[in-house]
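Chemist: predicted model follows, preceded by the sequence.
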Amino acid sequence: MVCESLHLKEFNTLGLAEPILRALTAEGYTHPTPIQAGVIPAMLNGKDIVGIAQTGTGKTAAFVLPLLQRVHEIRKMPYPKSCKALILAPTRELAAQIEDAIRTYSKFLKSSSAVIVGGAKAGPQIRAMSRGVDILVATPGRLEDLMSTGAVMLEQTSTVILDEADQMLDLGFMPAIRRIMNSLPRKKQTALLSATMPKQIRSLAEDFLHNPVEVSVAPASKPIERITQTLIHVEKANKRQILVDVMKREDIDRAVVFSRTKHGANKLAQVLVQNGIKADAIHGNKSQNQRVRTLDAFKSGDVPILVATDIAARGIDVDGVSHVFNFDLPNVPEVFVHRIGRTARAGATGVAISICDETEREFLRDIQKLIGFQIELDELSAAELVPEQAPEKPGGRRSAGGRGRGKPAGNSGRGRSRNRRAKPEGAKAGEQRPQQPKQAPVKADAKPAGENRKRRPQKGKGRNGQNAQGGNGGQSNQNGQNGNRSKSGHRKGGNQGGDSAGLSRMLGNIARSERSSGRQRSA
């Protein structure tokens, strides 16, 4: 079952209890979003769920409200160290956000909940689970740690929620997810909710579901239409300065800047601060307390710019984020959808600006293929760097350069280097016989290697005449000038005289050596 369009007028038509409706009214919510209108009734009927909706459409409330309804209906104390419902989240920040939603919507209910995440002391988490809770929110790593020590047991858990399912079911999370799922009762309700659901991930998700109801309220992975997107092509060395320039140009209330690496996030935050822009970084290397302080400062507006990695920013739900900056384009196109979904939440509008250097063009092509359109170029984009107008830089720059006869730069330069070496050799052979331009047959004859070594350092007239080919060439010269022949013969005779003198000196040295040896023997 696929629900493409779901519109119910008010929450009171969904079958929720009065205390839950009162909490919703206190928060100003009277009408459900499409994903909520589809997921809530199906979960209340005990169905397994696959929920696909754009980021910022209310997926958290879509599964939290049915869980609270179940707690209200089954007023039974949980077993020690156990939970009735388990919610798995990929990051600490998302887990904390889900816990806040549970407390908000259960303010008029008698319910209990706990959060188990890494990066925090395990003692308080173990104590919170000692009596058991109605709803447990956890990240897979810390949950497995406490399960191995017996601090958490899942035998009594009847409902499992995998939030941000595409990330939870990614290959990196699969071993932990499978071990946790195997620890749960066979009879249980499972729900997977996410902004994206790639086909390869869907096949893995089907292992955990039984005849699921699919609630799809928007085409998978399509960005929110209320987001204005622009693209800046820039040299990699100029990316930071371009980010500073565009931030000073824009009217920013709050902004999230995405960096691919933790070190890059720290460095980028420092650059922004040095340029008079208040910013801070959040990533996995920071402690839980540091991350909480940074998020609180961002929510309060004390730090309007948050530089984050993808994992740390996953699930951040802060009202009033006006801009998203993709300083580094993601190598997974679905991640792009999650990034820009940090803005334009709850019906607002937003701006997403992506900065692309020459090494990220393949990522850009995948992203634009996924979202289905070409992102509009920003006025700061360098026209000569647009892929349609300029060739790819990595190959062109190396082959076009040239260092004379120096070492080639890369494999593409080796062929050029061999060509450059071949040309000077041919030119040098021509220079060695400036008076014999028409003697191609003589040049083609085989020459001993020793002759090449004698000729190589010489240019023009020199000792080339002592070679056999040099003498032959003088005799066969087509101009018929006797002067040339006599000069060639003179050079040849001179060389013979030099050889005779050298032989005489050598024989004299041998004779002197023998006389010296004879004196020593006679003595």
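Modeler: Great, that's in hand.

Chemist: now the residue nearest the centre of the chain, nearest residue through space, not along the chain?
Modeler: In the chain, the centroid-proximal residue (C-alpha atoms, centre = their mean) is residue 331; its distance is 4.5 Å. In this structure, residue 331 finds its nearest non-sequential neighbour in residue 363, 5.4 Å apart by C-beta to C-beta, 6 or more residues apart in numbering. Placement of C-beta: from N, CA and C, glycine included.

Chemist: quick one: that neighbour and residue 329 touch, right?
Modeler: Yes: the pair residue 363 and residue 329 passes the contact test of C-beta atoms under 8 Å, sitting 4.4 Å apart.

Chemist: overlap of the contact sets of these two?
Modeler: residue 356 (C-beta atoms under 8 Å, 6 or more residues apart in numbering).

Chemist: next secondary structure after the one helix or strand residue 101 maps to?
Modeler: In this assignment (DSSP states H and E), residue 101 forms part of helix 92-105. Sequence-wise, the next helix or strand downstream of helix 92-105 (DSSP H and E) is strand 113-116.

Chemist: tell me the strands beside that following strand, with direction?
Modeler: Take DSSP bridges as the rule and strand 113-116 pairs in its sheet with strand 133-138 (parallel).

Chemist: what mean pLDDT does the strand it pairs with get?
Modeler: For strand 133-138, mean pLDDT rounds to 97.

Chemist: low-confidence stretches in the stretch 151-300 of the chain?
Modeler: Within the stretch 151-300 of the chain, the segments meeting pLDDT under 70 span 169-171, 200-201, 204, 218-224.

Chemist: quick one: the helices in it?
Modeler: 165-168, 174-182, 199-205, 239-249, 262-274, 288-300 (DSSP state H, counting those that start in this stretch).

Chemist: show me what the fifth one is packed against.
Modeler: When contacts are defined as 3 or more C-beta pairs under 8 Å, 6 or more residues apart in numbering; DSSP states H and E, helix 262-274 packs onto helix 239-249, strand 279-282, strand 305-308.

Chemist: could the ones you listed go into JSON lines alongside mean neighbour count?
Modeler: Output for those, formatted as JSON lines (neighbours: other C-beta atoms under 10 Å):
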{"stretch": "helix 239-249", "mean neighbour count": "17"}
{"stretch": "strand 279-282", "mean neighbour count": "24"}
{"stretch": "strand 305-308", "mean neighbour count": "26"}
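
Chemist: residues of the helix or strand the residue nearest to residue 331 falls within that come out buried?
Modeler: Residue 363 belongs to helix 361-371 when elements are defined using DSSP H and E. By 16 or more other C-beta atoms under 10 Å, the buried positions in helix 361-371 come out as 361, 363-364, 366-367, 370-371.

Chemist: how far does it sit from the chain's center?
Modeler: Relative to its parent chain, helix 361-371 has a centroid offset of 13 Å by C-alpha atoms, centre = their mean, to the nearest Å.

Chemist: one more: stretch 206-213?
Modeler: Here the centre of stretch 206-213 is set off from its chain's centre by 32 Å, with C-alpha atoms, centre = their mean.

Chemist: run through the bridge partners of the closest residue to residue 51 other than its chain neighbours.
Modeler: Counting by C-beta to C-beta, 6+ apart, the nearest residue to residue 51 once its immediate chain neighbours are dropped is residue 193, at 3.9 Å. Beta bridges link residue 193 to residue 51, residue 163, judged by DSSP bridges.

Chemist: show me what contacts residue 193?
Modeler: Residue 193 neighbours (C-beta under 8 Å, 6+ apart): 35, 39, 49-53, 59, 62-63, 161-165.

Chemist: tell me the one of the residues you listed nearest residue 305?
Modeler: Using C-beta to C-beta, the shortest approach to residue 305 within those belongs to residue 164, at 24.0 Å.

Chemist: the closest one contacts residue 93, doesn't it?
Modeler: No: applying C-beta under 8 Å as the test, residue 164 and residue 93 come out as separate, 11.2 Å apart.

Chemist: so what's residue 345 up against?
Modeler: By C-beta under 8 Å, 6+ apart, residue 345 lies in contact with 55-56, 317, 319, 321.

Chemist: pLDDT score assigned to it?
Modeler: pLDDT at residue 345 comes out at 77.

Chemist: am I right that it sits in a helix?
Modeler: No: counting by DSSP: H, G, I helix; E, B strand; the rest coil, residue 345 falls outside a helix, being coil.

Chemist: follow-up on the earlier one: what is the helix holding residue 101 packed up against?
Modeler: So helix 92-105, by 3+ C-beta pairs under 8 Å, 6+ apart, packs with helix 18-26, helix 59-73, strand 113-116, strand 133-138, helix 288-300.

Chemist: what's in contact with it?
Modeler: 20, 23-24, 27, 60-61, 64-65, 67-68, 87, 89, 111, 113, 115, 117-120, 135, 137-139, 163-164, 282, 288, 291-292, 295, 312-317.

Chemist: and those, which are buried?
Modeler: Buried, going by 16+ other C-beta under 10 Å: 20, 23-24, 60-61, 64-65, 67-68, 87, 89, 111, 113, 115, 117-120, 135, 137-139, 163-164, 282, 291-292, 295, 312-317, out of those.

Chemist: how far away is the residue nearest to the centre of the chain from residue 234?
Modeler: 18 Å (C-beta to C-beta, to the nearest Å).

Chemist: same deal with residue 53?
Modeler: Distance from residue 53 to residue 234, by C-beta to C-beta: 33 Å.

Chemist: okay, the two: which has more neighbours?
Modeler: residue 53 (23 against 20; other C-beta atoms under 10 Å).

Chemist: local confidence estimate at that one?
Modeler: If you check residue 53, the pLDDT there is 81.

Chemist: circling back to that earlier point, TSV for the helices and strands packed on helix 92-105, including distance to residue 207?
Modeler: As requested, the helices and strands packed on helix 92-105 are exported to TSV (distance: least, C-beta to C-beta, whole Å):
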stretch	distance to residue 207
helix 18-26	32
helix 59-73	20
strand 113-116	24
strand 133-138	20
helix 288-300	32
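
Chemist: residue 144: which of the ones you listed is closest?
Modeler: Of all those, it is strand 133-138 that lies closest to residue 144, at 9.2 Å by C-beta to C-beta.

Chemist: now the element after that closest one, going C-ward?
Modeler: Downstream of strand 133-138, the next assigned helix or strand under DSSP H and E is helix 140-148.

Chemist: off-centre distance for that following helix?
Modeler: 29 Å.

Chemist: domain assignment for the protein?
Modeler: Annotated domains of the chain cover 2-216, 227-391 [automatic domain parsing].

Chemist: ok now the last one, how far from the chain's centre?
Modeler: Going back to what we said before, that points to domain 227-391. How far domain 227-391 lies from its chain's middle: 13 Å, per C-alpha atoms, centre = their mean.

Chemist: for the longest one, same thing?
Modeler: Averaging C-alpha coordinates over domain 2-216 and over its chain gives two centres that are 30 Å apart (C-alpha atoms, centre = their mean).

Chemist: for the closest residue to residue 302 other than its chain neighbours, what are its contacts?
Modeler: Distances taken as C-beta to C-beta, 6+ apart place residue 278 nearest to residue 302, at 7.8 Å, with adjacent residues excluded. Residues in contact with residue 278, defined by C-beta under 8 Å, 6+ apart, are 272, 302-305.

Chemist: pretty sure residue 65 contacts residue 23?
Modeler: No: counting by C-beta under 8 Å, residue 65 stays clear of residue 23, with 9.4 Å between them.

Chemist: show me the contacts for residue 380.
Modeler: Here residue 380 is in contact with 232, 234, 242, 245-246 (C-beta under 8 Å, 6+ apart).
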